[in-house]
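Enquirer: Got a sequence here, can you model it:
(one chain, ligands or ions: 1)
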Amino acid sequence: MGVGVLGTGHYAPSKVVTNKDLEKIVDTSDEWIRTRTGIEERRIAEDDMETSEMAYRASVAALEEANVKGEDLDLILVATVTPDTPFPSVSCMLQEKLGAVKAAAMDISAACAGFMYGMVTAKQFIESNVYKNILVVGAEKLSKITDWSDRNTCVLFGDGAGAAVMGEVADGKGILSFELGSNGSGGEHLYQDPESGYLYMNGREVFKFAVRQMPESSVNVIEKIGQNKEDVDYLIPHQANIRIMEAAREKLGISEDRMATSIKKYGNNSSASIPMALSEAVKNGKIKNDDLVVLVGFGAGLTWGAIALRWGK
Ligand code: UT7
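Expert: Numbering: from 1, shown residues only. Okay, the predicted model is just below:
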């Protein structure tokens with residue numbers, strides 16, 4: 001048997017903040033943001049919309065698509081760096097909202113690679129016949145840890161959530177290979193400052209790491225399954241910067257229309273970026289049955305992860 005995705009869903013808050021809006025609060029320009037990052041606008045959650053609520057809305061859509069009920073879930077994994085509170089976990093809040101009475105629940109802290117860590121963890125439990133239905137979510141309210149007076153970071157991030165229900169699929173489908181990694185020595189480049197509570201980033205250092213790691217991990221997961229770069233049908237990179245994403249796309253040698261670019265309208269949603277882009281790609285018909293899909297992310301930690309996935313049940 002294989003382990004794959006049974007259904008996907010995503011939620012983006014309705015409030016749109018454009019680059020022009022940001023020109024009014026920091027010394028920046030629409031032109032700078034577009035050309036240096038690829039971002040045109042982002043969604044920002046209202047004050048009373050917490051991470052757990054966004055996670056819930058994305059999850060309801062994923063469960064419906066998968067035709068799985070909350071009470072049939074065995075495990076809930078939520079990747080987030082912006083939980084409602086340090087504890088209880090967002091996954092426990094979600095468990096309650098979904099009525100997932102028999103599900104175990106825990107959060108995963110691997111920043112923007114968190115959804116990759118979640119999917120790979122789910123695979124182990126399903127493959128070993130311990131659990132049948134696992135909900136994996138990436139959800140972030142980055143706006144609450146953003147310093148809105150810092151132009152280096154405030155133009156980059158947005159809020160949202162994406163979810164996938166994982167379970168057994170046909171042999172040869174689902175996750176075919178993966179790579180996870182971390183390098184704690186790079187932790188100083190991207191962290192939440194304990195005093196201000198704001199996100200701090202050394203953009204150039206993270207950029208250097210990312211343009212090396214994303215292409216490398218993408219190629220590694222393809223080589224592990226004996227496939228060629230040309231066999232990749234669709235690429236879903238972490239939506240951090242269009243220039244970093246382009247580096248991965250060029251390394252794989254695939255055309256522009258075969259890479260998810262939800263960064264344009266959502267910005268960087270950390271752990272939610274990949275599942276939001278995945279869910280959108282499924283809904284827009286960009287990913288079809290039997291397609292070979294590569295998901296690849298990197299983030300604070302430093303962490304990274306990539307998955308080669310044969311789409312379908
Ligand atoms: O998901 C988490 C992972 N995070 C990332 O992947 C982010 C990785 N890093 C990046 O995407 C890029 O490094 C940034 C988008 C953050 C910055 O782009 P860059 O091309 O590396 O710019 P830079 O940091 O080298 O700065 C170039 C100039 C600087 O001015 P000076 O020193 O040359 O005069 C910055 O002060 O751009 C300036 N600058 C801005 N100008 C207008 C920085 N932010 C802004 C801004 N608007 N928002």
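
Enquirer: hang on, V136 packs against A164?
Expert: Yes: when contacts are counted by Cβ atoms under 8 Å, V136 is listed as touching A164 (5.2 Å). C-beta here means a position set from N, CA and C on the backbone, and glycine is covered the same way.

Enquirer: Name the residues contacting each of these two.
Expert: Residues touching both V136 and A164 by Cβ atoms under 8 Å, 6 or more residues apart in numbering: M119, P275.

Enquirer: Confirm G118 sits in a strand?
Expert: No: counting by DSSP: H, G, I helix; E, B strand; the rest coil, G118 falls outside a strand, being helix.

Enquirer: Tell me, how many residues neighbour it?
Expert: By the criterion of other Cβ atoms under 10 Å, G118 has 32 neighbours.

Enquirer: Tell me how far it lies from D30.
Expert: To D30, G118 is 34 Å away according to Cβ to Cβ, to the nearest Å.

Enquirer: likewise M245?
Expert: Counting by Cβ to Cβ, the gap from M245 to D30 is 20 Å.

Enquirer: Give the residue from these two that has the larger number of neighbours.
Expert: M245 (24 against 17).

Enquirer: Find the residue closest to the one residue in the stretch 151-300 of the chain that gets nearest to the ligand in space, skipping its chain neighbours.
Expert: Nearest residue of the stretch 151-300 of the chain to the ligand (Cβ to the nearest ligand atom) works out as G203 at 2.9 Å. Excluding the flanking residues, the one nearest G203 by Cβ to Cβ, 6 or more residues apart in numbering is N152, at 6.1 Å.

Enquirer: How about the contacts made by the residue nearest the centre of the chain?
Expert: By Cα atoms, centre = their mean, the chain has its centre lying nearest to I274, at 3.1 Å. Applying Cβ under 8 Å, 6+ apart to I274 gives the contacts F115, M116, G138, G162, I236, P237, H238, Q239, L295, G297.

Enquirer: Now name the helix or strand holding the fifth one.
Expert: By that I understand I236. strand 234-237 (DSSP states H and E).

Enquirer: wait, does that strand contact the ligand?
Expert: No: applying Cβ under 6 Å from any ligand atom, one finds strand 234-237 separated from the ligand by no less than 10.4 Å.

Enquirer: re earlier: the residue nearest to G203 contacts Y200, doesn't it?
Expert: No: using Cβ under 8 Å, N152 is not in contact with Y200, being 9.1 Å away.

Enquirer: Thank you kindly, that will do.
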